[in-house]
Each structure stands twice: as structure tokens, then as C-alpha cells.
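Return a 3D structure for these sequence lines:
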Amino acid sequence: MSTPIELWHAEHVNFSQLLRLLEHQLGRFHQDEQPDYVLMLDIVDYLRHYPDRFHHAREDVAFERLVAHDPSLRVRINRLLQEHRVISRAGDELLRLLNDVADEAVVLREDVETAVAIKTNGD
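Presented below is the predicted three-dimensional model:
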């Protein structure tokens with residue numbers, strides 16, 4: 001049986017692998033190739049919804065316990081929670097842009113590139 005820390009680590013490894021796939025698709029932009037927007041949308045949809053529903057919820061409980069045990073960790077924990085909020089907003093924006101692309105709306109390449117860069121640098 002895995003410990004919560006082992007589970008979180010495995011999830012972070014999985015998140016990193018998905019972000020590398022997303023970055024690879026972004027690289028296709030720079031090579032004047034067509035990215036796989038369906039794959040990008042699936043990755044971002046997963047990364048946008050799974051962590052908030054399951055991963056971050058468990059972390060939040062652990063963070064509160066850590067702060068209860070050692071109040072000096074409050075600033076670090078608050079920083080992590082803020083990073084989660086920033087990542088969430090960046091994911092929402094990227095998901096919106098990719099849905100627009102899937103709906104064949106006119107979307108600037110630079111907007112998608114920027115949103116991918118923010119998302120992949122935040123996680």
C-alpha cells in the first residue's frame with residue numbers, strides 16, 4: 001500500500017509527463033507544424049479538473065495539519081495554495097483558448113503559446 005506522500009509524488013510525476021506532452025505540442029507551433037489540439041485539450045482538461053477534485057483536496061488537509069503542528073510553515077503553505085490558484089486560473093484560460101480553437105474560432109497563436117507557457121511553468 002502506498003503512503004500519501006508516495007501517491008502525491010506519483011501524481012506529480014504524471015502531471016510532469018503530461019506537461020512535457022503539452023510542451024511538445026507547443027513545439028510543433030515553432031516548427032510550423034499543426035499541433036494535436038485534441039490531445040492538448042484532453043491534457044489540459046485533465047490537469048484542470050483532476051488536481052482540484054482529488055490531488056489538491058488531499059494536499060489541503062495535509063497542509064492544515066502541518067500548520068497545526070508547526071505554525072511557522074504558514075507562509076510556505078500559503079505560497080503553495082496561491083500557486084494552486086494561479087495554476088488553476090492559467091488552466092482555465094488555456095482550456096478556454098483550446099476550446100475556441102476546437103470550435104474553429106480565430107485564436108492568435110501567440111495567445112495559445114503564452115497560455116501553454118504559463119501553464120507548464122506553473123506546475
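
contacting residues around residue 10?
residue 2 (C-beta atoms under 8 Å, 6 or more residues apart in numbering). In short, each C-beta sits where N, CA and C put it, glycine included.

And it, how far from residue 21?
Here the criterion is C-beta to C-beta, to the nearest Å. By it, residue 10 lies 17 Å from residue 21.

Residue 93 and residue 107, how far apart?
Relative to residue 107, and taking C-beta to C-beta, residue 93 is found at 12 Å.

Same check on residue 96?
10 Å.

okay, those two: which has more neighbours?
residue 107 (17 against 13; other C-beta atoms under 10 Å).

For the more buried one, what are phi and psi?
Here the main-chain torsion angles of residue 107 (degrees, to the nearest 10) amount to phi -130, psi 130.

One more: residue 104?
phi 60, psi 30.

Now for the residue sitting furthest away from the middle of the chain: which residues touch it?
For the chain, the residue at maximal distance from the C-alpha centroid (C-alpha atoms, centre = their mean) is residue 69, at 28.8 Å. By C-beta under 8 Å, 6+ apart, residue 69 lies in contact with nothing.

Quick one, grab the pLDDT at it.
We have a pLDDT of 96 for residue 69.

The one 3 residues further on now?
Looking at residue 72, its pLDDT stands at 96.

How about residue 78?
95.

And what about it, helix, strand or coil?
helix (DSSP: H, G, I helix; E, B strand; the rest coil).

Tell me the spacing between it and residue 72.
For residue 78, the distance to residue 72 - C-beta to C-beta - is 12 Å.

neighbour-wise, which of those two wins?
residue 78 (12 against 7).

measure the more buried one to residue 53 for me?
Distance, residue 78 to residue 53, by C-beta to C-beta: 22 Å.

again, but for residue 2
Residue 2 is 19 Å from residue 53, by C-beta to C-beta.

ok, now residue 105?
For residue 105 relative to residue 53 (C-beta to C-beta), the value is 28 Å.
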